[in-house]
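K.L.:
what's the 3D shape of this:
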Amino acid sequence: MKKFKIVLLVLFSICGGILIGGYLFSQSQPRSFLALNRCQNCLTHEDLLGLVASVGIRKFPGLMPFAVFETDKTIVVKHPFSSERIHYVIIPKKDIKNIGEISEADADYLADAFFVGRWIIERENLSKYRLYTNGPGYQDVTYLHFHLVAE
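P.N.:
Predicted coordinates:
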C-alpha cells in the first residue's frame, strides 16, 4: 500500500508539473529544444534567457527586479550594470524574439513601448539620448527589448 501511495504521488507530481509548465509557457514563441549531444538547433544561452524572460515578464511582472514603470503592454527596467548615467530597458509584454520577427499583431505592443519611451524622455527631461534594439547576433537575451540611454 505504501508503494502505491508513492507511485500515485510521483504521477500526481509529474502531471502537476506538466500543467504548471503548460500554463507558464503557453504564450511563448517556440524555441528549439535543449539537447545535450551534438545539436545543430539547440537552445542557446540567449534563447534560454529569452524564454525565462518571456515567462517572467508576462506571468509575473510584479516580481521584475529594478522595474520602474509598467503598463498593460510594457514594462521598464532600470539597467543595473550600466556605465551610462541613464539606462532603461523597455520591454514589450509580448514574446517577440527580435525586430525581424514582428507582425501586425505586435503593433499595439510596439506602439506602447515607444510611448513609454517618450514618457521617460519627458520625465527625465532628455534632449540627448539613444533608443535602440539589437538584432539576433547582438542580443544577450533573445527577447525584443529597447535600450534608452543618455549620458
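K.L.:
what about the helices in this structure?
P.N.:
Taking DSSP state H as the test, the helices found in the chain are 2-24, 45-59, 107-123.
K.L.:
output the contacting helices and strands for the longest strand seen in the chain.
P.N.:
For the chain, the longest strand by residue count, based on DSSP state E, is strand 86-92. With contacts defined as 3 or more C-beta pairs under 8 Å, 6 or more residues apart in numbering; DSSP states H and E, strand 86-92 has these neighbours: strand 74-78, helix 107-123, strand 146-150. For the C-beta atoms, the positions are set from N, CA and C on the backbone; glycine is no exception.
K.L.:
list the strands paired with that strand, with their directions.
P.N.:
strand 74-78 (antiparallel), strand 146-150 (antiparallel) (DSSP bridges).
K.L.:
quick one, which of those strands is packed in tightest?
P.N.:
Neighbour counts (mean count of other C-beta atoms under 10 Å) averaged over each of the strands paired with strand 86-92 peak at strand 74-78, with a mean of 21.
K.L.:
just the CA trace of that strand, in CSV.
P.N.:
The C-alpha coordinates for strand 74-78 follow below in CSV (Å, rounded to 0.1, in the frame of the first residue of the first chain):
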residue,chain,number,x,y,z
THR,A,74,5.1,47.3,-21.5
ILE,A,75,7.5,47.1,-18.5
VAL,A,76,10.5,49.4,-17.9
VAL,A,77,13.6,48.2,-16.0
LYS,A,78,16.5,50.4,-14.9
